[in-house]
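*Asks:* no letters, just coordinates:
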DNA sequence: AGTATTTTTTGAACTTGGTTAAATTATAAC
DNA sequence: GTTATAATTTAACCAAGTTCAAAAAATACT
């Protein structure tokens, strides 16, 4: 196993690359605007950083159009994301952190752990494949499984689905959903779906709840029949 | 417990304060030179930083003479040291890090863990009092027990002593001592002590070893009879 | 005491990552 | 197709933390 033993990139560079990676999953080319919004800086800062990243060959940047990661850039992003998701799972499993707490702590630590630390918690967790929100953990080698599930908003009334993944960025949303009974690998029956972008009525465990389109969009599911065995992230506080 | 919930100091400031704390344990006033040597920067950088720290009221600095921590400065230092030593012990106990490996990893993480993390590993470790090298772990409240033991070089031939503490800065020295059988809370019999700053002959477990004054100076012991129960850091890889 | 040496501080300059305001380019609207 | 608007980049500047070289102060030497 060789792999970049010394990560020569600053936390800031790592963060930009990570954000670009996530943004380019949805749309093709990534704009300075989109990046700066996510990073809570100004577009000017992102624009400058794009130049730095382009010099480092981590992105290809066509001025006024946007950027996309190079192969090395993608490797860097996946290494950071690997750290993040391993840390999330570790904090959850080993230290009892809640669903909603892991993201913030992992965010701070992801740039500062050694490969040694990464390997040890990976081993401790028995080489997990998913983080506590159902996101795939990249491999050491820099590969990653595709995101699983389709959005709950696309399910039809009457369907019963299994929760595979939940958007992890907003702690209060996570707490809200958890309180409602939403669990990874748990079942949800779509009782009703109001038209005109109205809320969904869901049956979770024994009780019924209504949920707005926005939050429902953050839950990714598969039809109940086609389940597989989940490998990680299946325990809860 | 209130305690400074947001640590508003940069990693750099925290590091300087920590180094000053350690240096002022031996000599009274701490010089920019001594600090810069430890931090592997230039005296100019330390001199600049002394001014910053003085403005922050973390140190009192008399130009051309030296500096010492204020009470708030000491609190900051002890908080950082608490993080460091808790992390060392956690890495050792929970993740199987070796004696010699914990310092470097803790060094990187100490500035980036939350109070939440600190509390959780503290609890996980059952509120330990000593780190894996026998150094006392400061309390949340910013107090610390005095360093235990007297240097092995001051022991006389014929004495049998218990190892209470070992200097932690040099990993290769730690590996060397570990290979020789030096263990926290282990016994050492001083068989002989050559004059003219010559080496000591030690009996550790069944075998005899010779050890130079320099390394012997890094081992802190107490006379075998006056032992107490050690509360933390007593297990080994 | 007076000079030489060492230590400490200061000043100018650089790097990284940020801001605000102005200029530039793309996109949308009529 | 010109014009208005929105997005992007550039320019000038700030702050933290560093370096190197020079100046200033303390210490040591004889």
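*Replies:* Right, received. Where do you want to start? On a predicted model such as this, the values are computed, not experimentally measured, just so you know.

*Asks:* only C-alpha atoms from now on, for both contacts and neighbour counts.
*Replies:* Noted.

*Asks:* downstream of the longest helix anywhere in chain A, the next helix or strand is which one?
*Replies:* Ordering each helix of chain A by length in residues (DSSP state H) puts helix A:71-95 first. Per DSSP states H and E, the first helix or strand lying C-terminal to helix A:71-95 is helix A:102-109.

*Asks:* pLDDT of the helix or strand harbouring residue A:38, averaged?
*Replies:* Assigned by DSSP H and E, residue A:38 belongs to helix A:32-39. The average of the pLDDT scores along helix A:32-39 is 97.

*Asks:* show me which residues of it are buried.
*Replies:* Neighbour-count burial for helix A:32-39 flags A:32, A:33, A:34, A:35, A:36, A:39 (criterion: 16 or more other C-alpha atoms under 10 Å in any protein chain shown).

*Asks:* next: stretch A:205-221.
*Replies:* Buried, per 16+ other C-alpha under 10 Å, within stretch A:205-221: A:210, A:211, A:213, A:215, A:216, A:217, A:218, A:219, A:220, A:221.

*Asks:* among these, which lie within helices?
*Replies:* When DSSP H defines the helices, the subset of the buried residues of stretch A:205-221 inside them is A:213, A:215, A:216.

*Asks:* and the second one, how far from residue A:143?
*Replies:* Pointing back at residue A:215 there. 29 Å (C-alpha to C-alpha, to the nearest Å).

*Asks:* what is the neighbour count of the closest residue in space to residue A:79 that isn't next to it in sequence?
*Replies:* Spatial nearest neighbour of residue A:79, chain neighbours left out: residue A:142 (6.4 Å); criterion: C-alpha to C-alpha, 6 or more residues apart in numbering or on different chains. Using other C-alpha atoms under 10 Å in any protein chain shown, residue A:142 is surrounded by 18 other residues.

*Asks:* which residues touch residue A:142?
*Replies:* Taking C-alpha atoms under 8 Å, 6 or more residues apart in numbering or on different chains, we find residue A:142 in contact with A:75, A:78, A:79.

*Asks:* need the pLDDT of the residue nearest in space to the middle of chain A.
*Replies:* Chain A has residue A:135 as the residue nearest its centroid, 5.3 Å off, counting by C-alpha atoms, centre = their mean. pLDDT recorded at residue A:135 is 97.

*Asks:* my read: it touches residue A:165, true?
*Replies:* Yes - between residue A:135 and residue A:165 there is a contact under C-alpha atoms under 8 Å: 6.3 Å.

*Asks:* overlap in contacts, the two.
*Replies:* Here residue A:135 and residue A:165 have residue A:148 as joint contacts, going by C-alpha under 8 Å, 6+ apart.

*Asks:* which residues of chain A fall in helices?
*Replies:* In chain A, the helices defined using DSSP H lie at A:11-26, A:32-39, A:43-55, A:71-95, A:102-109, A:115-124, A:171-180, A:213-216.

*Asks:* and the longest one, which residues are buried?
*Replies:* Judged by neighbour count (16+ other C-alpha under 10 Å), helix A:71-95 contains these buried residues: A:73-93.

*Asks:* and which of the ones in helices among the buried residues of stretch A:205-221 is nearest DNA strand C?
*Replies:* Comparing these against DNA strand C with C-alpha to the nearest atom of the strand places residue A:213 closest, at 25.6 Å.

*Asks:* how far away is that closest one from DNA strand D?
*Replies:* Distance, residue A:213 to DNA strand D, using C-alpha to the nearest atom of the strand, to the nearest Å: 24 Å.

*Asks:* residue A:224 versus the nearest residue to that residue once chain neighbours are set aside, what's the distance?
*Replies:* Spatial nearest neighbour of residue A:213, excluding adjacent residues (C-alpha to C-alpha, 6+ apart): residue A:199 at 5.6 Å. In this view, residue A:199 and residue A:224 are 21 Å apart by C-alpha to C-alpha.

*Asks:* likewise for residue A:66?
*Replies:* Distance from residue A:66 to residue A:224, by C-alpha to C-alpha: 40 Å.

*Asks:* likewise for residue A:64?
*Replies:* Noted for residue A:64: a distance of 45 Å to residue A:224, by C-alpha to C-alpha.

*Asks:* so residue A:145 touches residue A:138, yeah?
*Replies:* Yes - using C-alpha under 8 Å, residue A:145 is in contact with residue A:138, at 7.3 Å.

*Asks:* and stretch A:9-18, what's buried?
*Replies:* Buried residues in stretch A:9-18, counted by 16+ other C-alpha under 10 Å: A:13, A:14, A:15, A:16, A:17, A:18.

*Asks:* which members of those are the farthest-apart pair?
*Replies:* Pairwise distances across these peak at 8.5 Å for A:13 and A:18 (criterion: C-alpha to C-alpha).

*Asks:* what's the first-to-last distance across stretch A:21-36?
*Replies:* In stretch A:21-36, first residue to last residue: 14 Å (C-alpha to C-alpha).

*Asks:* now do the helix holding residue A:38: distance to the chain's middle.
*Replies:* Distance of helix A:32-39 from the chain centroid (C-alpha atoms, centre = their mean, to the nearest Å) equals 17 Å.

*Asks:* ok, the residue nearest to residue A:213 - contacts?
*Replies:* So residue A:199 contacts A:193, A:210, A:211, A:212, A:213 (C-alpha under 8 Å, 6+ apart).
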